[in-house]
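Engineer: give me the fold of what follows.
(2 chains)
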2 protein chains.
Amino acid sequence: MGRDARYAWLALKAIPGIGDVLCKRAIDRFGSPVAALNADPSEWTAIEGIGARLVQTLRAYRPDDEWILRELDRVDELEYDLIGLTDPRYPGLLRMIADPPPYIYVRGDLRPEDNRAVAIVGARRASGYGRAVTEQLSRELVARGFTVVSGMARGIDGWAHRAAIEASGRTIGVLGSGLDVQYPPEHDALCESVCGQGAVLSDYPLGTHPDPVNFPKRNRIISGISLGVVVVEAAEQSGSLITARLALDQGREVFAVPGPIGTRTSVGTHALIKQGAKLVDGVQDILEELLPQLDAPMEGGREGDRAGETREIALLPEERTVYECLSAEPRHIDELTARLRLPPAKTAGVLLQLELKGAVRQLSGNLFIRVE
Amino acid sequence: MGRDARYAWLALKAIPGIGDVLCKRAIDRFGSPVAALNADPSEWTAIEGIGARLVQTLRAYRPDDEWILRELDRVDELEYDLIGLTDPRYPGLLRMIADPPPYIYVRGDLRPEDNRAVAIVGARRASGYGRAVTEQLSRELVARGFTVVSGMARGIDGWAHRAAIEASGRTIGVLGSGLDVQYPPEHDALCESVCGQGAVLSDYPLGTHPDPVNFPKRNRIISGISLGVVVVEAAEQSGSLITARLALDQGREVFAVPGPIGTRTSVGTHALIKQGAKLVDGVQDILEELLPQLDAPMEGGREGDRAGETREIALLPEERTVYECLSAEPRHIDELTARLRLPPAKTAGVLLQLELKGAVRQLSGNLFIRVE
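Structural biologist: As a prediction, this is how the structure comes out:
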């Protein structure tokens, strides 16, 4: 993005009284921040939420040159990216929420396949159980091609990122501070690794110190960038529950991992399940919800032309055999095993491959259907 | 019950082709087993499900005198009770199911307050966690005046009975064998204790050996006798899940306790929660569902005349103070504490008393409302 365009993004967002929602509407209306800033303020009145008072503000508005230029210099110096809402690299799912950040600071790189993202979040003071579950889910999700998103905090967040990296997967960290103010300090090395296999991003100006009041705003990005949010452990009043609520507001899936009752760290996840979050007994419960949403190739994916094409999935002979034994009618894995005279583990393995290819879908109770 | 009446119950149930459902319909029609047996078989055709073939059977039917008389002698000898469907001592909730046992063998005694029953069931091979949860829930339920029902099996069942006894509560054991064939053998002493603080019952003829095929039939009594069924731990395919399904069919509440994922014993309870069972994070979750059902005094309870009376609850002065601070609008316990200037533990204690008296009801999130 050229310096002028970047200047315009910063100038647009800095208009007093114009928050992320109105920024988005301005971009929807004018097409770019440059066009928005060049428009006569009277044209802004066509935007829902812009009244006479904001038009006055717009007329009087002079961007803070000094701050903007210093910020852009520092972004260049640190070799960060500044990605605006209209940039094709801007995360597609995040763009769909009501209040996307007009631009984000990015370290590392965002790829089209990162649209296939799942957030794993939870308590900073988490248990050994929470750690084991987090690492397992993170590993299993990256093994199935998902990018693991989290908040770079201590506890569940850090374990989620680290397990994704160790499994050679993609991961994205979203900060509640400026991108140059890494927090917690002991996660400096982790941050480097995340940037090597994904990205760390923030919508806070450089130098913004981590402040708990920033976290809910940050959490909307964690959920906004993701197809769903998995809460592994959470105390009764916790940021993870806020993330879950934001995810619901954004129409994203919310998952919660149960744990032993009577433990501080499972009170929050149990409350979520009571409120309707999907109980996660294993990665399967996450895939069952999210894979159907991925039926269409992801934006920017490699599948090329995707308009109205019949999906043609290449199957190995053994996959074809199992596939043909399935229909829209749910069939139990034991029945398949018996019909096909295959060892049960073999059937399960082939079904998993088929599921990864999007050719079959597992329902609860070990039932399988064909995806037509 | 006189010997003739008891003879008639055994003779009625023994008619070939007449199961528990048709027995119930016959009693609904004729009023008693003696009347049913004395009726002309043609009169039976008014009963739904009775066709020409069963009328033939009825015409030809001669009770097995020898077996019936021997069974009745043995019941007397062992000092058991034989309680028929029309007996006021017959459990009120059990009488309401579609297929109640026409009569039950009872050792110990059944009381009217046993209508306020909750079943706690689960795996025989349960974990230390399952044991701790079972004992806690059982203790807490009997402390609130509930009778704890279970299946006298090893594991969760046995722990549920034992904890109820140790907490000086009432408990009922339902067997899948004849009442004189206690199983498992190491539960002989437990069985004695249960009879001392409740009852052990069965609908199987004396001498019937425990056979897993009997258990689903037995399980319908466990759930049928109870307002709700709490499944503490259960493997993927287990009897507890059958009990849960039967409870649903009977319109009873189903509760399941979550546990650490990846453990054999929580797969079943997690599956139940996914299917809509209420997650139990503590006894409160059970009370929240069941207390409202107990608003009307139970059948045979001490409250006497209950037709259309305005409920008048006697409150202590401190209870009155807290009660008057509540309305139909949920109010948080912290707010109550602040308004009333009471120590938090005191507020909680008084609220609990009010809840037990049916004057207030706790919602999730520590919110309370008045029961009008």
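Engineer: please count neighbours and contacts with C-alpha atoms only from this point.
Structural biologist: Noted.
Engineer: and stretch A:269-281, how far apart are its ends?
Structural biologist: 12 Å (C-alpha to C-alpha, to the nearest Å).
Engineer: mind listing what the residue lying closest to A:Ala348 once chain neighbours are set aside touches?
Structural biologist: Of all residues beyond its chain neighbours, the one nearest A:Ala348 is A:Ile333 (7.5 Å), with distances taken as C-alpha to C-alpha, 6 or more residues apart in numbering or on different chains. A:Ile333 is in contact with A:347-348, A:366-368, counting by C-alpha atoms under 8 Å, 6 or more residues apart in numbering or on different chains.
Engineer: the residues you listed, buried ones only, as a ChimeraX selection?
Structural biologist: ChimeraX command restricting the contacts of A:Ile333 to the buried ones, with burial defined by 16 or more other C-alpha atoms under 10 Å in any protein chain shown:
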select /A:347,348,367,368
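Engineer: among the contacts of A:Ile333, name the ones in strands.
Structural biologist: Counting by DSSP state E, the contacts of A:Ile333 place A:367-368 in strands.
Engineer: can you redo the contacts of A:Ile333 as TSV with pLDDT?
Structural biologist: Output for the contacts of A:Ile333, formatted as TSV (pLDDT from 0 to 100):
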residue	pLDDT
A:Thr347	82
A:Ala348	78
A:Asn366	76
A:Leu367	81
A:Phe368	85
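Engineer: chain B: which of the contacts of A:Ile333 is nearest?
Structural biologist: Checking the contacts of A:Ile333 against chain B by C-alpha to the nearest C-alpha gives A:Asn366 as the nearest, at 10.8 Å.
Engineer: roughly how far does that closest one sit from A:Pro344?
Structural biologist: Distance from A:Asn366 to A:Pro344, by C-alpha to C-alpha: 12 Å.
Engineer: for A:Leu279, same thing?
Structural biologist: From A:Leu279 to A:Pro344 the distance is 26 Å (C-alpha to C-alpha).
Engineer: the two: which has the busier surroundings?
Structural biologist: The residue with more neighbours, out of A:Leu279 and A:Pro344, is A:Leu279; 25 against 14, by other C-alpha atoms under 10 Å in any protein chain shown.
Engineer: output the contacting helices and strands for the biggest helix by length in chain A.
Structural biologist: Taking DSSP state H as the criterion, chain A has its longest helix at helix A:128-143. Contact here means 3 or more C-alpha pairs under 8 Å, 6 or more residues apart in numbering or on different chains; DSSP states H and E; on that basis helix A:128-143 packs against strand A:117-121, strand A:147-150, helix A:156-166, helix A:283-290.
Engineer: and the first one, anywhere near chain B?
Structural biologist: No - counting by C-alpha under 8 Å from any C-alpha of the partner chain, chain B is not contacted by strand A:117-121; separation bottoms out at 15.9 Å.
Engineer: in chain A, which residue is most central in space?
Structural biologist: Centroid-nearest residue in chain A: A:Ser226, 2.3 Å away (criterion: C-alpha atoms, centre = their mean).
Engineer: next, give phi and psi for that one.
Structural biologist: phi -120, psi 150 (degrees, to the nearest 10).
Engineer: now chain A, which segments are flagged as low pLDDT?
Structural biologist: A:1, A:295-313, A:364-365, A:372 (pLDDT under 70).
Engineer: that older thread, surely the residue nearest to the centre of chain A meets A:Val118?
Structural biologist: Yes - assessed by C-alpha atoms under 8 Å, A:Ser226 is found in contact with A:Val118 at 5.0 Å.
Engineer: which residues are in contact with each of these two?
Structural biologist: A:Val149.
Engineer: which bits of the stretch 251-372 of chain A sit near chain B?
Structural biologist: A:257-262, A:267, A:270, A:273-274, A:278-279, A:281-282.
Engineer: helices along the stretch 101-250 of chain A, start to end?
Structural biologist: A:128-143, A:156-166, A:188-196, A:215-224, A:239-249 (DSSP state H, counting those that start in this stretch).
Engineer: so can I have TSV of these showing mean neighbour count?
Structural biologist: Listed next are those as TSV, based on neighbours: other C-alpha atoms under 10 Å in any protein chain shown:
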stretch	mean neighbour count
helix A:128-143	21
helix A:156-166	25
helix A:188-196	18
helix A:215-224	25
helix A:239-249	22
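Engineer: tell me which of these sits nearest to B:Gln182.
Structural biologist: helix A:128-143 (39.8 Å; C-alpha to C-alpha).
Engineer: what sits up against that closest one?
Structural biologist: A:118, A:120, A:147-148, A:155-156, A:159-161, A:163-164, A:167-170, A:232-233, A:282-283, B:260-261.
Engineer: just the buried residues out of these, in PyMOL syntax.
Structural biologist: Buried residues within the contacts of helix A:128-143, by 16+ other C-alpha under 10 Å, are selected in PyMOL with:
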select buried, (chain A and resi 118+120+147+148+155+156+159+160+161+163+164+169+170+232+233+282+283) or (chain B and resi 260+261)
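Engineer: test my guess that A:Gly259 contacts B:Pro258.
Structural biologist: Yes - at 6.3 Å, A:Gly259 counts as touching B:Pro258 under the criterion of C-alpha under 8 Å.
Engineer: tell me which of those two has more neighbours.
Structural biologist: More neighbours surround B:Pro258 than the other of A:Gly259 and B:Pro258, with 31 against 25 (other C-alpha under 10 Å).
Engineer: so that one touches B:Ala271, yeah?
Structural biologist: No - at 9.6 Å, B:Pro258 does not count as touching B:Ala271 under the criterion of C-alpha under 8 Å.
Engineer: residues in the stretch 51-200 of chain A within reach of chain B, list them.
Structural biologist: Applying C-alpha under 8 Å from any C-alpha, one finds that the stretch 51-200 of chain A approaches chain B through A:129, A:133.
Engineer: show me what whichever helix or strand A:Leu93 is part of is packed against.
Structural biologist: For A:Leu93, the host element (DSSP states H and E) is helix A:92-95. If you count contacts as 3+ C-alpha pairs under 8 Å, 6+ apart, helix A:92-95 packs onto helix A:215-224.
Engineer: re the thing from before, which of the contacts of A:Ile333 lies closest to A:Pro216?
Structural biologist: Using C-alpha to C-alpha, the contacts of A:Ile333 come closest to A:Pro216 at A:Asn366, 37.7 Å.
Engineer: so the closest one is in contact with A:His332, correct?
Structural biologist: Yes - judged on C-alpha under 8 Å, A:Asn366 makes contact with A:His332 at a distance of 5.7 Å.
Engineer: now the residues of the stretch 251-372 of chain A next to chain B in TSV, with secondary structure?
Structural biologist: Formatted as TSV, these follow (DSSP: H, G, I helix; E, B strand; the rest coil):
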residue	secondary structure
A:Val257	coil
A:Pro258	coil
A:Gly259	coil
A:Pro260	coil
A:Ile261	coil
A:Gly262	coil
A:Val267	helix
A:His270	helix
A:Ile273	helix
A:Lys274	helix
A:Lys278	strand
A:Leu279	strand
A:Asp281	coil
A:Gly282	coil
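Engineer: identify the farthest-apart pair in the residues you listed.
Structural biologist: Spatial extent of those (C-alpha to C-alpha) is set by the pair A:Gly262 and A:Gly282 at 21.4 Å.
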